[in-house]
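Visitor: Sequence plus predicted model, see below.
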Amino acid sequence: MVEQHSLDILQLIVNASGVVLGVLALLIALSVISWYVIGYKSMYLSRAQAESARFLETFWQSKRMDAIYKTSEDLRRSPVAQVFRAGYIELTKLKSGDRGAAASGDEMLGDLESIERALRRAQTSETTHLESMVPFLATTGSAAPFIGLFGTVWGIMNSFRNIGAKGAANLTTVAPGIAEALIATAIGLVAAIPAVMAYNYFVRRIRVLSSEMESFQNDFLNIVKRHFFK
């Protein structure tokens, strides 16, 4: 009974050395933060995708740019709507200028380039916002196993020190230290595996939203060329 109690997981964690306890605390903190990021980004990206679908439906059904702009004000989480807002604001500035219909070909080309730059700036900003906190998952996924391995190596070192101090290498002497050491690796994997899976999932969803922004940017420029810069 004494040996079974000494190999209980909670008892091993409580009796672990200071370094191993520090490693376990760090891994648990990484895991908790990772799960927070996973929950937050799941809700954020789901809402961004839903609002983008709603905006695109409004964009293709509406005939007036100002009505579309008003709708985009209510869809702050949609990256596509924010790209449209940037392009529309730049188009409004240019059309309210002094050149009007008398603008030359070079001036119109410059105006189109200004709109394109505004769209690209908005796309870059929205992509950066979508990717926020996601790199932390990659860091956790790559670093947590090595942090756990460090705790394992340290625990095994302590086991060998105990063997040397007691002058005995029986199972009773070795087992608790080895079990304590392996707990660090186990918790490192528990922290890393969900983080890696979530990171790959979020990267795919962000890539889809980025493709939607790219396609919308091209469509918006084509519409502007046909209706505003004839």
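Guide: Nice, thanks for sending it over.
Visitor: Packing partners of the helix of greatest length in the chain?
Guide: In the chain, assigned by DSSP state H, the helix with the most residues is helix 171-227. The contact analysis (3 or more CB pairs under 8 Å, 6 or more residues apart in numbering; DSSP states H and E) places helix 171-227 against helix 2-6, helix 9-14, helix 18-61, helix 79-95, helix 105-130, helix 134-166. Heads up, the C-betas are built off the backbone N, CA and C, glycines and all.
Visitor: Next, the angle from the longest one to helix 105-130.
Guide: Yep, that's helix 18-61 we're talking about. 140 degrees (axes from the mean of the first three to the mean of the last three CA atoms, to 10 degrees).
Visitor: Use 206 as the first number from now on
Guide: Sure, I'll start counting at 206 from here, so that last one is helix 223-266.
Visitor: any idea which of the helices and strands packed on helix 376-432 is most buried?
Guide: Mean neighbour count (mean count of other CB atoms under 10 Å) peaks for helix 284-300 among the helices and strands packed on helix 376-432, with a mean of 21.
Visitor: ok, the spatially most central residue of the chain to residue 400 distance?
Guide: The centre of the chain sits closest to residue 339, judged by CA atoms, centre = their mean, with a distance of 1.9 Å. Note on residue 339: its distance to residue 400, by CB to CB, to the nearest Å, is 10 Å.
Visitor: can you check residue 284 too?
Guide: Distance from residue 284 to residue 400, by CB to CB: 24 Å.
Visitor: do residue 416 as well
Guide: To residue 400, residue 416 is 25 Å away according to CB to CB.
Visitor: Those two: which is more packed in?
Guide: Each of residue 416 and residue 400 has its neighbours counted (other CB atoms under 10 Å); residue 400 has more, 26 against 10.
Visitor: The more buried one: what's it in contact with?
Guide: 235, 239, 243, 342-343, 345-346, 349 (CB atoms under 8 Å, 6 or more residues apart in numbering).
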